[in-house]
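Participant: let me see the structure of the following:
(one chain, ligands or ions: 1)
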Amino acid sequence: MFRNRDRSAETPAHETALACLEAGIAATLPERVVADRIALDEETIAVGGATYSLDTFDRLVVLGGGKAAGGLAAALADRLGSRLDDGCVVTTDVESGSVGPIEVREGDHPTPTERNVEATRTILDRAEAATAETLVLALVTGGASALLCAPAAGLALSDLQATTDALLASGASIDEINAVRKHCSAIKGGQLARAAAPAPVVTLAISDVVGDDPAVIGSGPTVPDGSTFGDALAVLDRYDLRETIPDPVVDRLERGVDGELEETPDAGARAVAAAADDWHSLANGRTAIDAARGVARERGYEPLVLSSRFAGEAGEVGRVHASVAAEIVAAGEPVEPPAVVLSGGEVTVTVDGDGTGGPNQEFALAAAIELAESGADAVLASVDTDGIDGPTDAAGAIVDRGTVPRDEVDPARRALAANDVYDDLDDRSALLRTGYTGTNVNDLRVLVVPAAD
Ligand SMILES: O=C(O)[C@H](O)CO
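Facilitator: This is a model prediction of the structure:
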């Protein structure tokens, strides 16, 4: 999976870190989660304790988007065969333009482009064509906010592009970012389910959001939106973005606050509220951690899950993990070596410099500096499970106490301060490259502390 690694040169601790990452990612791949979590035949779909009888419907249609939507569509087309009538999904990295009757359109991430808008228009058209006799299977996976892109009335694609870029660089959390995106969109925040009404909508999601809030994953196109125009405007103020965000967006949010525009559908909107009851998560960061934990145990390491919910500045979280490594080495706490410590969540970067990198790379370089200073014998690997960390071709990085020699700590610190860690890690052969993996459950981190010599 890690196509740039020369595995022969690696220690058992490096091997274990990579094996844990591979198992974690593999456990969340769409084909695997459809097989594990959905019972399908020509007559019924059973998922998450609910059973949907297909006989009640004339048509079965698949609509949606996100980085794992192509794989999910393929797995469903494979299992549902001729029972499936139609569909369209938008995703990254398209292998084939269709799977069975489902069109698979390629779009761009994280900044939406014209092809995202065209695909989304098709998806909304098909939703609007659905009747009460149509069952809509909505596929919502991480990345859907960018990929499902329909500018609200009065906004241009360029407004959404500039807004996305500014929000992503601001350090705002994903629920804050999506509160803004939902209020600039004609599909997010329940509007796909509203377009499909009266057709019932069953959502199959793969979550890349800490806590799995359906209203945040992919900006919740099929569930009620509890956020308001006021919340969206407050995000711009909190991150001092009013001057950076295009005027038409700020005007729209202000007009919304003044009551001049219709809010996104909330829990009072009947069709959307009904769709919320039929929302099912197929996999999340915890799925990846559990699989990685199994591999650690098989290899003779004591596994410990630190948390699947890390958020915050990537460098800070990297330093925390390196401190945990030092504590394990020095005191055997909170776990005795040989140990594997696992964590997930979504760390972010507040961008001050103009370099190249991503959150998992910043996490790794900050941790490498700390490991160099403590001298703790540990290996730490961190990836974005979708295979793309920040706007780079790396999934993340793997480091140990020798990755940054003591006399190179200062230049490494400068690279971090300039948000320019990609080249630094590349020069140290620390980057992990997978290409798009086909899934997306956000970050997965593995800390391996071998037994003391
Ligand atoms: O698309 C998005 O909004 C993020 O990936 C979170 O799901």
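Participant: quick one: which helix or strand includes Val180?
Facilitator: helix 174-182 (DSSP states H and E).
Participant: give the other helices and strands that the lengthiest helix in the chain contacts.
Facilitator: In the chain, with assignment by DSSP state H, the single longest helix is helix 314-331. Counting contacts by 3 or more C-beta pairs under 8 Å, 6 or more residues apart in numbering; DSSP states H and E, helix 314-331 packs against strand 302-313, strand 339-348, helix 359-374, strand 379-384, strand 443-449. Every residue, glycine included, has its C-beta placed from N, CA and C.
Participant: output these as TSV; include the columns mean neighbour count, mean pLDDT and distance to Asn116.
Facilitator: Shown next, in TSV, are the helices and strands packed on helix 314-331 (neighbours: other C-beta atoms under 10 Å; pLDDT from 0 to 100; distance: least, C-beta to C-beta, whole Å):
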stretch	mean neighbour count	mean pLDDT	distance to Asn116
strand 302-313	17	95	26
strand 339-348	24	96	22
helix 359-374	27	98	23
strand 379-384	30	98	20
strand 443-449	29	98	24
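Participant: which one of the ones you listed lies closest to the ligand?
Facilitator: In this view, the helices and strands packed on helix 314-331 are compared for proximity to the ligand by C-beta to the nearest ligand atom, and strand 339-348 is the closest at 8.2 Å.
Participant: sheet partners, orientation included, of that closest one?
Facilitator: Strand 339-348 has its sheet partners listed here by DSSP bridges as strand 302-313 (parallel), strand 443-449 (antiparallel).
Participant: contact residues of the stretch 201-350 of the chain facing the ligand?
Facilitator: Counting by C-beta under 6 Å from any ligand atom, the stretch 201-350 of the chain comes close to the ligand at 208-209, 217-219.
Participant: by neighbours, which of those residues wins?
Facilitator: When those are compared by neighbour count (other C-beta atoms under 10 Å), Gly218 ends up highest, at 36 neighbours.
Participant: closest residue of the stretch 301-450 of the chain to the ligand?
Facilitator: Nearest residue of the stretch 301-450 of the chain to the ligand: Asn440, at 6.8 Å (C-beta to the nearest ligand atom).
Participant: could you list the domains of this protein?
Facilitator: Structural domains assigned to the chain are 5-25+285-449, 29-150+185-227+264-283, following automatic domain parsing.
Participant: how about these in TSV, adding distance to Ala166?
Facilitator: Output for the domains of the chain, formatted as TSV (distance: least, C-beta to C-beta, whole Å):
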stretch	distance to Ala166
domain 5-25+285-449	10
domain 29-150+185-227+264-283	11
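Participant: among these, which is nearest Ser173?
Facilitator: Of all these, domain 5-25+285-449 sits nearest to Ser173, with 6.6 Å by C-beta to C-beta.
Participant: chain center to the closest one: distance?
Facilitator: Distance of domain 5-25+285-449 from its chain centroid, counting by C-alpha atoms, centre = their mean, to the nearest Å, is 17 Å.
Participant: pretty sure Ile289 is touching Asp443, no?
Facilitator: No - in this structure Ile289 lies outside contact range of Asp443 using C-beta atoms under 8 Å: 10.5 Å.
Participant: next, show the common contact partners of those two.
Facilitator: Shared contacts of Ile289 and Asp443 (C-beta atoms under 8 Å, 6 or more residues apart in numbering): 343-344.
Participant: what ranges do the strands span in the stretch 201-350 of the chain?
Facilitator: Ranges of strands in the stretch 201-350 of the chain, per DSSP state E, counting those that start in this stretch, are 201-206, 279-283, 302-313, 339-348.
Participant: format these as JSON lines; extra columns: distance to Arg181.
Facilitator: Formatted as JSON lines, the strands of the stretch 201-350 of the chain follow (distance: least, C-beta to C-beta, whole Å):
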{"stretch": "strand 201-206", "distance to Arg181": "17"}
{"stretch": "strand 279-283", "distance to Arg181": "19"}
{"stretch": "strand 302-313", "distance to Arg181": "18"}
{"stretch": "strand 339-348", "distance to Arg181": "16"}
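Participant: figure out which of the ones you listed is closest to Leu380.
Facilitator: Of all the strands of the stretch 201-350 of the chain, it is strand 339-348 that lies closest to Leu380, at 8.9 Å by C-beta to C-beta.
Participant: ok and the closest one relative to helix 359-374, angle-wise?
Facilitator: Here the directions of strand 339-348 and helix 359-374 differ by 130 degrees (axes from the mean of the first three to the mean of the last three C-alpha atoms, to 10 degrees).
Participant: could I have strand 339-348 exported to PDB, CA atoms only?
Facilitator: Output of strand 339-348 as PDB, limited to C-alpha atoms (Å, rounded to 0.1, in the frame of the first residue of the first chain):
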ATOM      1  CA  ALA A 339       3.100  -1.400  23.000                       C
ATOM      2  CA  VAL A 340       1.100   0.100  20.200                       C
ATOM      3  CA  VAL A 341      -0.800   3.300  20.900                       C
ATOM      4  CA  LEU A 342      -3.500   4.200  18.500                       C
ATOM      5  CA  SER A 343      -5.400   7.500  17.900                       C
ATOM      6  CA  GLY A 344      -7.700   9.100  15.300                       C
ATOM      7  CA  GLY A 345      -9.700  12.200  14.800                       C
ATOM      8  CA  GLU A 346      -9.000  15.300  12.700                       C
ATOM      9  CA  VAL A 347      -6.100  17.600  13.400                       C
ATOM     10  CA  THR A 348      -5.900  20.900  11.600                       C
END
